[in-house]
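Participant: only the shape, not the letters, is given here:
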């Protein structure tokens, strides 16, 4: 299967996943969204695991966590 046909067959699925991510109000410049920033990081980690990536971690920093 070519990449273009793979993407075409799963376009709606990928767009829905992107929309799910964009619905997380992870506005890093607003302190009241600190939990949402963490939730967005967890969302990214889950998608990376689903893609088969084995070593994923959320690292704490002096500010926002980094995946």
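Facilitator: Structure's in. What do you need? For clarity, every value in this text was computed on a predicted model and none was experimentally measured.
Participant: any idea which residue sits dead centre in this structure?
Facilitator: Geometric centre of the chain, nearest residue: residue 44, 2.6 Å, by CA atoms, centre = their mean.
Participant: can I assume that one sits in a strand?
Facilitator: No: with DSSP: H, G, I helix; E, B strand; the rest coil as the criterion, residue 44 is helix rather than part of a strand.
Participant: which residue packs closest to it, ignoring adjacent ones?
Facilitator: Distances taken as CB to CB, 6 or more residues apart in numbering place residue 67 nearest to residue 44, at 5.0 Å, with adjacent residues excluded. (Each C-beta comes from the backbone N, C-alpha and C, glycine too.)
Participant: for residue 54, give its distance to residue 24.
Facilitator: Distance of residue 54 to residue 24, given as CB to CB, to the nearest Å: 24 Å.
Participant: so for these two, which residue has more residues nearby?
Facilitator: Taking other CB atoms under 10 Å, residue 54 and residue 24 do not tie; residue 24 has more neighbours (16 against 6).
Participant: any idea which element the closest residue to the more buried one other than its chain neighbours lies in?
Facilitator: Spatial nearest neighbour of residue 24, excluding adjacent residues (CB to CB, 6+ apart): residue 40 at 4.7 Å. Counting by DSSP states H and E, the element that carries residue 40 is helix 34-50.
Participant: now that helix: average pLDDT?
Facilitator: On average, the pLDDT along helix 34-50 is 95.
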